[in-house]
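Peer 1: Please find the sequence and the predicted model below.
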Amino acid sequence: SADDLAWSPDGKFIYFLAPHMGTIPMFRIDVATQQVDTISPVNRNEEDNKYYDFGAIVPLKDGKVCHLYLTDNPPHNLKGDFSLDESGSCFRGEGYTFSGAAIYRPEAFMGMAVEKKPLLPLFIEWSEKNLMTGSKLEGRWFDVGTIERLNDVNDYVSTHELKGI
C-alpha cells in the first residue's frame, strides 16, 4: 500500500513492500534508471504456481506517471476502485480493486512534502488527466486490512503449505 513506500535518505531510491505476494517481499526502485531490484525473497503460490516477477516490469508508457496493479474485487469491496479501458488507461470505476502495488514516475511526486498522505486523491487527479495506466495482477492476492482478514490469510497459509522460491 502507499503506507509501505519510503524514499532513501539520499533520494536515490524508493523502497516498497508487496504484502499481497506472501512473505512481504521488499523491492527497491532506482529513481535515475527505474531499475527494480528485489531486496527480500518473493514467495509464490504453490496451488496455482503463480507469482509476480517485479524484475520484469515494463517501464511506464511515455506521458504516464503511474501504473496500478489491480485485482478482482474481494468480498469486502465488491464495487471495486478502478476500471481499465482497452488501451490500459486506468480510471475511477468499479471493475477492480487496487492491490497496493504500483509503479510511479518519480517526477509525479516532485514538489510534494515528504509526509504520509493518501494516494487516492493523486490517483483520481492522474486518471482525470489520463496520466495513469493499469493492469490486472495475476496470481493470488490477499488484503490483510483487518484482523479477521489477516486470520483468513494465516488459515490459508497453514492449510496450503506455501514455500518460497
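Peer 2: Okay, I see it.
Peer 1: List the buried residues of the longest strand along the chain.
Peer 2: With secondary structure taken from DSSP state E, the chain has its longest strand at strand 97-104. For strand 97-104, the neighbour count (16 or more other Cβ atoms under 10 Å) marks 97-104 as buried. (Glycine included, C-beta is placed from N, CA and C.)
Peer 1: And for stretch 125-132?
Peer 2: For stretch 125-132, a neighbour-count test (16+ other Cβ under 10 Å) marks 126-127, 131-132 as buried.
Peer 1: Centre-most residue in the chain?
Peer 2: The chain has residue 101 as the residue nearest its centroid, 0.4 Å off, counting by Cα atoms, centre = their mean.
Peer 1: Was I right to think that one contacts residue 135?
Peer 2: No: judged on Cβ atoms under 8 Å, residue 101 makes no contact with residue 135 at a distance of 10.3 Å.
Peer 1: who touches both of the two?
Peer 2: Shared contacts of residue 101 and residue 135, defined by Cβ atoms under 8 Å, 6 or more residues apart in numbering, comprise 68-69.
Peer 1: just to revisit the earlier point, let me know the pLDDT of the residue nearest to the centre of the chain.
Peer 2: On the pLDDT scale, residue 101 is placed at 84.
Peer 1: ditto for the one 4 residues further on
Peer 2: Residue-level confidence at residue 105 comes out at 87, pLDDT.
Peer 1: residue contacts, the nearest residue to residue 14 once chain neighbours are set aside?
Peer 2: Leaving aside its sequence neighbours, residue 14 sits nearest to residue 29 (Cβ to Cβ, 6 or more residues apart in numbering; 4.6 Å). Residue 29 is in contact with 13-16, 35-37, 103, counting by Cβ under 8 Å, 6+ apart.
Peer 1: Among those, which one lies nearest to residue 119?
Peer 2: Ranking the contacts of residue 29 by separation from residue 119, with Cβ to Cβ as the measure, puts residue 16 on top at 11.9 Å.
Peer 1: can you confirm the closest one is in a strand?
Peer 2: Yes: per DSSP: H, G, I helix; E, B strand; the rest coil, residue 16 lies within a strand segment.
Peer 1: Output the below-cut-off pLDDT ranges for this protein.
Peer 2: Low-confidence segments of the chain (pLDDT under 70): 1-5, 17-26, 39-59, 161-165.
Peer 1: Tell me where it has strands.
Peer 2: Assigned by DSSP E, the strands in the chain fall at 6-7, 13-17, 26-30, 36-38, 66-71, 82-84, 90-92, 97-104, 132-136.
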